[in-house]
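Colleague: need coordinates for the below:
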Amino acid sequence: MEVAATLNNLAVLYGKRGKYKEAEPLCKRALEIREKVLGKDHPDVAKQLNNLALLCQNQGKYEEVEQYYQRALDIYETKLGPDDPNVAKTKNNLVEHYYRRALDIYLKMLGTDDPNVSKTKNNLASAYLKQGKYKQAESLYKDVLTRAHEKEFGKVD
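Modeller: Next up, the predicted model:
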């Protein structure tokens, strides 16, 4: 298990540095080790799945993100119960994932001026706030306010 922990720690370090492609195989290997040693439905496997989902999310691999978060959620609910804090955290991660994906779709298909973009950014900022991701929340809230102000009063030079 020490190897899995070290692989995970290195993956987290790479992820924090934006080296997602280097981090992902390390995280997957840590997952394989944990599954083999602990079993596929152990809470530590779920934690590893959450880490892997985050790395995939930062690379835009949306289908994998949902799959990993959902599997982690299933493990937590089954092994720890529906009211465990890990269940809540994973559900928040899924909500964040859905908002980020929706935002990407709106931006790509409808453009930055579509009202759904601002609504989704506001919702995503609220999700960040609830997760304690204050810098991300602040950035999105400021962006929404700036765009609303510019729309109403024009750009400020």
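Colleague: now do the buried residues in the longest helix belonging to the chain.
Modeller: Here the longest helix in the chain is taken by residue count, with DSSP state H as the criterion, and it is helix 85-110. With burial defined by 16 or more other Cβ atoms under 10 Å, the residues of helix 85-110 counted as buried are 86-87, 89-90, 93-103, 106. All C-beta atoms are positioned from the backbone trio N, CA, C, and that covers glycine.
Colleague: what's in contact with the helix or strand that that helix is followed by?
Modeller: On the C-terminal side of helix 85-110, the closest following helix or strand by DSSP states H and E is helix 115-130. In this structure, residues lying in contact with helix 115-130 by Cβ atoms under 8 Å, 6 or more residues apart in numbering are 92, 95-96, 99-100, 102-103, 106-107, 110-111, 134, 136-138, 140-141, 143-144, 147-148.
Colleague: what pLDDT does residue 157 get?
Modeller: Looking at residue 157, its pLDDT is 64.
Colleague: pLDDT weak spots in the protein?
Modeller: Regions of the chain meeting the criterion pLDDT under 70 cover residues 156-157.
Colleague: what does stretch 7-25 contact?
Modeller: Judged by Cβ under 8 Å, 6+ apart, the contacts made with stretch 7-25 from elsewhere in the structure are 26-27, 29-30, 33, 48, 51-52, 54-56, 58-59.
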